[in-house]
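Engineer: Sharing a model prediction with you, sequence too.
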Amino acid sequence: MSRPEAGAGRVSPEAHGGRPAGRARHRARSPIIDPGWQPALLTAALCGLLAATAPVGQLAALPAVVLLQAVTAAGWFRLNGMWPARQGILLAFVGGLAADAAVLVVDEGNAPGALLGVLGVWFLLVVVLQLRHRGSGDERLDSLTATSASTLLTVLAGALLAAVEVSGAAVAVGAGAVAAATLLRALPGPAALTAPLGLAAACGVGALASGQDIGTPALALAAAAGACALVGVRVASYDFPSRFVHFTA
């Protein structure tokens, strides 16, 4: 989610017409390119919206979660150089909406089972969609893995609603830590400097929230959320569509 603009400026293999010279020119530059300020600000805005609404309740947090699912469904395809991919994006996003509905209608203890049920149904739909794919075997495999990963991430975002039901304050702390870590990581400078600054900022959010009763140490929760945010930024920095990304999705 942290980098819906990750595919901006990317030249896909299709754009080269499969010419080795074009691929060689693209590979000549570093595959690691920091996402920059635009995705960081978008991430912070989404986190701020979630942090503001999570303590109120599930229905209040629902718009933030749906917006997160929308940029996740589209952003994963763009990150992998598969843009546009309208059917896959739509399928993943609708899966996220189904996950939200399932979490809202079941009891708190049944939310994990509801999410797994939605994933099972949607993975079947993903396979059915790929049966209609007219490309080569490699293209179908790339499409299958990218669509499956996008669906998984989008559906799992619905788990935020289940977490809100358990402790909206904890979700707010985690969202604030992600925003702080992402913004500090986007500062100009080497990753060896900005990444520790991002983690320190996340821990600072946890320290400020240490007086709240969230069912777990706020500092530990914020540190874990900040670390996950930094991992997400690192994944979004891989700026070349490759089978490695698809197979480790």
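Structural biologist: Received the coordinates, thanks.
Engineer: List the contacts of Leu41.
Structural biologist: With Cβ atoms under 8 Å, 6 or more residues apart in numbering as the criterion, the residues that contact Leu41 are Leu183. Using the backbone N, CA and C atoms, a C-beta is placed for each residue, glycine as well.
Engineer: oh, and call the first residue 55 from now on, that's how I've got it
Structural biologist: OK, 55 is where the count begins now, so the last one is Leu95.
Engineer: Report the rounded mean pLDDT for the helix or strand hosting it.
Structural biologist: Per DSSP states H and E, Leu95 falls inside helix 91-107. For helix 91-107, the mean pLDDT works out to 92.
Engineer: same deal with stretch 173-181?
Structural biologist: Rounded mean pLDDT across stretch 173-181 is 90.
Engineer: so how far is that stretch from its chain's centroid?
Structural biologist: 19 Å (Cα atoms, centre = their mean, to the nearest Å).
Engineer: Output that stretch in PDB with nothing but the alpha carbons.
Structural biologist: C-alpha atoms of stretch 173-181 as PDB (Å, rounded to 0.1, in the frame of the first residue of the first chain):
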ATOM      1  CA  LEU A 173     -10.000 -16.000   0.800                       C
ATOM      2  CA  GLY A 174     -11.000 -19.500  -0.200                       C
ATOM      3  CA  VAL A 175     -13.800 -18.400  -2.400                       C
ATOM      4  CA  TRP A 176     -11.800 -15.600  -4.000                       C
ATOM      5  CA  PHE A 177      -8.800 -17.800  -4.800                       C
ATOM      6  CA  LEU A 178     -11.200 -20.100  -6.600                       C
ATOM      7  CA  LEU A 179     -12.500 -17.100  -8.600                       C
ATOM      8  CA  VAL A 180      -8.900 -16.000  -9.300                       C
ATOM      9  CA  VAL A 181      -8.200 -19.500 -10.800                       C
END
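Engineer: Could you give me the buried positions within it?
Structural biologist: Leu173, Trp176, Phe177, Val180 (16 or more other Cβ atoms under 10 Å).
Engineer: so the last one sits right up against Ala203, yeah?
Structural biologist: It stands for Val180. No - counting by Cβ atoms under 8 Å, Val180 does not reach Ala203; the two are 10.0 Å apart.
Engineer: can you give me phi and psi for Gly212?
Structural biologist: The phi/psi pair for Gly212 (degrees, to the nearest 10) reads phi -70, psi -20.
Engineer: again but with Ala240, I slipped
Structural biologist: phi -80, psi 0.
Engineer: With Gln92 as the reference, measure out to it.
Structural biologist: 9 Å (Cβ to Cβ, to the nearest Å).
Engineer: cool, and Gln184?
Structural biologist: 32 Å.
Engineer: And for Gly171?
Structural biologist: From Gly171 to Gln92 the distance is 36 Å (Cβ to Cβ).
Engineer: Helix or strand with the lowest mean pLDDT in the protein?
Structural biologist: The helix or strand of the chain with the lowest confidence, counting by mean pLDDT, DSSP states H and E, is helix 297-301 at a mean of 42.
Engineer: element containing Met136, please.
Structural biologist: Here Met136 is assigned to no helix or strand, by DSSP H and E.
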